[in-house]
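**Q** build me a model:
(2 chains)
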Amino acid sequence: MKKILSLLWLCGLLLAGSAPAADWKMDPAGSKLEFIATFEKTPAPGEFKEFDARLRFDPDQPAGGSLDVTIKVTSADMNIPDVNKEIRGKDWFDYAGFPRAEFHSTDLRREGKRYVARGTLTLKGVKQPVEVPFTWTAAGGGAAMEGEFTLKRGAFGIGLGEWKASDTIGADVKVKFKVKLRKG
Amino acid sequence: MLRNTADSWGAPAKLFHWVMAALILAQIALGVMAASWRVSPTKIELFFWHKSTGMLILALVALRLLWRLANPAPLLPPGMARWERAAARMSHLLLYALMIGLPVTGWIVNSASNVPFRIFWLIPLPAIVAPDETTADLVAAVHGGLAALLALVLAAHTGAALRHHFVKRDTVLTRMLPRKTP
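**A** Model (predicted):
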């Protein structure tokens, strides 16, 4: 009996210790996922108009949380009609073959004032480990996560053949996001 | 001699003339190649150099016009027919108009097509019209038409200069050449 009681007590302690991480859903209206390429060393901004993020997260205790993002690659818009036609093709995003990209992380940590989600990005069929740094701002009942990081487009086969060369279209692509979340 | 006189061009006027002549010829070649090249990094490079050179020409023509306003051009040789004088004045006026009109229409196309661009990788070119595909296509056609007109006027300009030299045997061509040191 004493054994069982102490076991229960232990369970209770464990439960209390791992404060329940809240589930968060994205509010598409206030969220933005940008990617900034370069043409002749000049920033060329683009945006994925459709994407979704789900988060299990407690800012005071990020361990045990998770982040899942799905991106509709075919919603990419670089604001230049000719370029939008071009990026559909096999050399670039290959809309037909890989209409979706995903990021999954179960490794969320606090690093100083910000957080980092380490996970796997699947883009154009290529899986690569990616670190996504972000800041967390609670506002009212919701929250916002914001951050940016840089990817090498070549690692995902974005820009094949003669487009692999990085002197006209740069190798680095900056990804910038702002995700508005509400508990749900 | 820096300033123009009644019968000679000063060094700055000659420098403007020949530097811009070289730039304009290169610019026409770049433009034709950029427009006709298949979509590739080379096409992007060609457009980059075409746009950068165009903005350089626009800056130079502004300086050149200021210099020309401060320095009256040498007189035309005596004995030219009325129509010849009119043709000379008209073609020079057209050349200046095209040296401004071509870069400006190119700038409009770049703005309307919303392509980010820095002149020679350095100076961001601000947009002068809102992004719009119809505007871009329309003004690109005008730009091409003006380029064809420029090619015609340049042919007339060169032909007239050669005619002055070989047929009329006056100094119109030689006085624009770099002066030989005596």
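
**Q** was I right to think A:Ala171 contacts A:Gly154?
**A** Yes - look at A:Ala171 against A:Gly154 with C-beta atoms under 8 Å: they come within range, at 5.9 Å. Bear in mind the C-beta positions are built from the backbone N, C-alpha and C, glycine included.

**Q** so A:Glu102: helix, strand or coil?
**A** Following DSSP: H, G, I helix; E, B strand; the rest coil, we place A:Glu102 in the strand state.

**Q** go ahead and flag the most central residue of chain B.
**A** For chain B, B:Met99 is the residue whose C-alpha lies nearest the centre (C-alpha atoms, centre = their mean; 3.8 Å).

**Q** mind listing what that one touches?
**A** B:20, B:24, B:57-58, B:61 (C-beta atoms under 8 Å, 6 or more residues apart in numbering or on different chains).

**Q** which residue, other than its chain neighbours, is closest to B:His164?
**A** In this structure, B:His164 finds its nearest non-sequential neighbour in B:Val172, 3.8 Å apart by C-beta to C-beta, 6 or more residues apart in numbering or on different chains.

**Q** mind listing the strands for chain A?
**A** Assigned by DSSP state E, chain A shows strands spanning A:22-26, A:32-39, A:42-48, A:51-57, A:66-72, A:76-77, A:100-111, A:114-123, A:126-139, A:142-152, A:172-183.

**Q** quick one: distance of the third one to the chain centre.
**A** When you say that, I think you mean strand A:42-48. Relative to its chain's centre, strand A:42-48 lies at 17 Å (C-alpha atoms, centre = their mean, to the nearest Å).

**Q** can you list the strands that it pairs with?
**A** Partners of strand A:42-48 in the sheet, by DSSP bridges, are strand A:32-39 (antiparallel), strand A:76-77 (antiparallel).

**Q** got the contact list for the shortest one?
**A** Contacts of strand A:76-77 with the rest of the structure, by C-beta under 8 Å, 6+ apart, involve A:35, A:46-49, A:84, A:87, A:93.

**Q** same thing but at 6 Å, please
**A** A:46-49 (C-beta atoms under 6 Å, 6 or more residues apart in numbering or on different chains).

**Q** kindly report the same for the first one.
**A** Around strand A:32-39, the neighbours that count as contacts under C-beta under 6 Å, 6+ apart are A:43-48, A:51, A:170, A:173-178, B:116.

**Q** and with 8 Å instead?
**A** For strand A:32-39, the surrounding residues in contact (C-beta under 8 Å, 6+ apart) are A:43-48, A:51, A:71, A:76, A:78, A:153, A:168-170, A:172-179, B:44, B:115-117.

**Q** how about the residues of chain A by chain B?
**A** Within chain A, the positions near chain B by C-beta under 8 Å from any C-beta of the partner chain are A:39-45, A:79-83, A:86, A:162-163, A:165, A:167-169.

**Q** quick revisit: nearest to B:Leu66, of the contacts of strand A:76-77?
**A** Nearest to B:Leu66 among these, counting by C-beta to C-beta, is A:Gly46 at 41.5 Å.

**Q** buried set for the biggest helix by length in chain B?
**A** In chain B, taking DSSP state H as the definition, the longest helix is helix B:133-166. Residues of helix B:133-166 classed as buried: B:135-136, B:139-140, B:143-144, B:146-147, B:150, B:153-154, B:156-157, B:160, B:164 (neighbour count, 16 or more other C-beta atoms under 10 Å in any protein chain shown).

**Q** do stretch B:110-130 and chain A meet at all?
**A** Yes - Stretch B:110-130 comes into contact with chain A (C-beta under 8 Å from any C-beta), by way of B:113-118, B:121, B:124.

**Q** which among the contacts of strand A:32-39 end up buried?
**A** A:44, A:46-48, A:51, A:71, A:76, A:78, A:153, A:168-170, A:173-177, A:179, B:44, B:115-117.

**Q** show the contacting residues for the residue nearest to B:His164.
**A** Contact analysis of B:Val172 by C-beta under 8 Å, 6+ apart lists B:76-77, B:161, B:164-165.

**Q** nearest residue to residue 132 in space, please, no chain neighbours.
**A** All of this refers to chain A. Using C-beta to C-beta, 6+ apart, the nearest residue to A:Val132 is A:Ala117, at 4.5 Å.

**Q** that answer is for a different chain, and I need it for chain B
**A** Excluding the flanking residues, the one nearest B:Asp132 by C-beta to C-beta, 6+ apart is B:Ala112, at 5.2 Å.
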